[in-house]
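S.K.: Take this sequence and fold it.
(4 chains)
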Protein chains: 2
Amino acid sequence: MVVEIDLSDAEVDRIFRALADATRRDIVERVLTGEQSVSALADRYDMSFAAVQKHVAVLERAGLVTKQNRGRERLVRGNPDKIRRVQALLDRYERLWRARIDRLDALLAEPGPPSPSAPEQE
Amino acid sequence: MVVEIDLSDAEVDRIFRALADATRRDIVERVLTGEQSVSALADRYDMSFAAVQKHVAVLERAGLVTKQNRGRERLVRGNPDKIRRVQALLDRYERLWRARIDRLDALLAEPGPPSPSAPEQE
DNA sequence: AATTTCTACAACCATTTGGTTGTACGTTAA
DNA sequence: TTAACGTACAACCAAATGGTTGTAGAAATT
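M.R.: Below you'll find the predicted structure:
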């Protein structure tokens, strides 16, 4: 399955920043298992309801979760499309990196020194 | 190839936070192509040398790049092992997410309503 | 009708972030 | 030797982050 990469810098900023917090990553894991209300999530953490509410808001702004009204509750659920795009993004990084390593390996495997390059001193 | 996932919460925090900035992501891409000195990197961006120096320090603390001394220069290069671990981490998220979607799909495909669940109103 | 539950949001606070400028020091070049 | 280059680091600043408490409103319960 091919996933398109059409995220703006600002979007990628928001996504990575949202994932740069252990509580928020934990929330993501929880709503992966099944949708949960904000207060149900808040019960799990040693912080105020408002704090958890803010974390959910950060995840929502990043597009990683969505909220749906059910009565007085707000059900939080994951956004699979977005996580696939993040996956594709990291996949691209990994491929670029691997390509560089492969080039270096090939260079080192050559018989003669291909270029004087840097004398590599500490 | 199997990559181990043994990163602490704090490490993952640092990695995601490091990637949550367009300039730093660009630096990562540049050093993927080949190692570069800090000043060579600084020339590329519309900000002070010290600012770029700080960005590199953030990437270094996250373990995404390393620096090596060559004379008066500090050569910045990528850390392939770390990026592979990040890749593995995201891979895990993606698999969890996909598993949930598959479960939901299976549920919806069943003939009778499996459970009354929520009346789904806005 | 009164109370409780779940949520939203404002105000506040300490800390971190991302930028700046300035100073100092080792290394290279003239 | 002197000048220029590359880097490190401190001090400073505005804005964002991550937490708090308090107030208010809509929905459910009693």
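S.K.: How about the contacts made by the residue in chain A that DNA strand C sits nearest to?
M.R.: Nearest to DNA strand C, among the residues of chain A, is A:Ser39, at 2.8 Å (Cβ to the nearest atom of the strand). Every residue, glycine included, has its C-beta placed from N, CA and C. For A:Ser39, the contacting residues are A:Phe49, A:Glu73, by Cβ atoms under 8 Å, 6 or more residues apart in numbering or on different chains.
S.K.: Following the chain onward from the strand or helix carrying it, which element is next?
M.R.: Assigned by DSSP states H and E, A:Ser39 belongs to helix A:38-42. Downstream of helix A:38-42, the first helix or strand assigned by DSSP H and E is helix A:49-61.
S.K.: Helices of chain A, start to end?
M.R.: Using DSSP state H, the helices of chain A run over A:9-19, A:22-33, A:38-42, A:49-61, A:80-109.
S.K.: got the contact list for the first one?
M.R.: Contacts to helix A:9-19, defined as Cβ under 8 Å, 6+ apart, come from residues A:7, A:24-25, A:28, A:58-59, A:61-64, A:82, A:86, A:89, B:16-17, B:19-22, B:25.
S.K.: and the helix holding A:Ser39, how far from the chain's centre?
M.R.: Distance, stretch centre to chain centre, for helix A:38-42: 22 Å (Cα atoms, centre = their mean, to the nearest Å).
S.K.: Show me what from chain A comes close to DNA strand D.
M.R.: Applying Cβ under 7 Å from any atom of the strand, we find that chain A lies next to DNA strand D at A:17, A:20-21, A:23, A:47-48, A:50-51, A:54-55, A:58, A:71-72.
S.K.: Where does pLDDT dip in chain A?
M.R.: A:1-5, A:93, A:97, A:101, A:104-105, A:107-108, A:110-122 (pLDDT under 70).
S.K.: Look up how far B:Ala20 lies from the residue of chain A at minimum distance from DNA strand D.
M.R.: With Cβ to the nearest atom of the strand, the shortest gap between chain A and DNA strand D falls at A:Gly71, namely 2.5 Å. Per Cβ to Cβ, to the nearest Å, A:Gly71 is found 35 Å from B:Ala20.
S.K.: where's A:Ala22 relative to A:His55, distance?
M.R.: Noted for A:Ala22: a distance of 10 Å to A:His55, by Cβ to Cβ.
S.K.: Stretch A:51-61: which residues count as buried?
M.R.: Across stretch A:51-61, burial judged by 16 or more other Cβ atoms under 10 Å in any protein chain shown covers A:Val52, A:His55, A:Val56, A:Val58, A:Leu59, A:Glu60.
S.K.: Just the C-alpha atoms of it, please, in PDB.
M.R.: Extracted in PDB, the C-alpha atoms of stretch A:51-61 (Å, rounded to 0.1, in the frame of the first residue of the first chain):
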ATOM      1  CA  ALA A  51      -4.000  19.000  31.900                       C
ATOM      2  CA  VAL A  52      -5.200  15.800  30.200                       C
ATOM      3  CA  GLN A  53      -7.700  17.900  28.200                       C
ATOM      4  CA  LYS A  54      -4.800  20.000  27.000                       C
ATOM      5  CA  HIS A  55      -2.800  16.900  25.900                       C
ATOM      6  CA  VAL A  56      -5.700  15.700  23.900                       C
ATOM      7  CA  ALA A  57      -6.000  19.100  22.300                       C
ATOM      8  CA  VAL A  58      -2.400  18.900  21.200                       C
ATOM      9  CA  LEU A  59      -3.000  15.500  19.700                       C
ATOM     10  CA  GLU A  60      -6.100  16.800  18.000                       C
ATOM     11  CA  ARG A  61      -4.400  19.800  16.500                       C
END
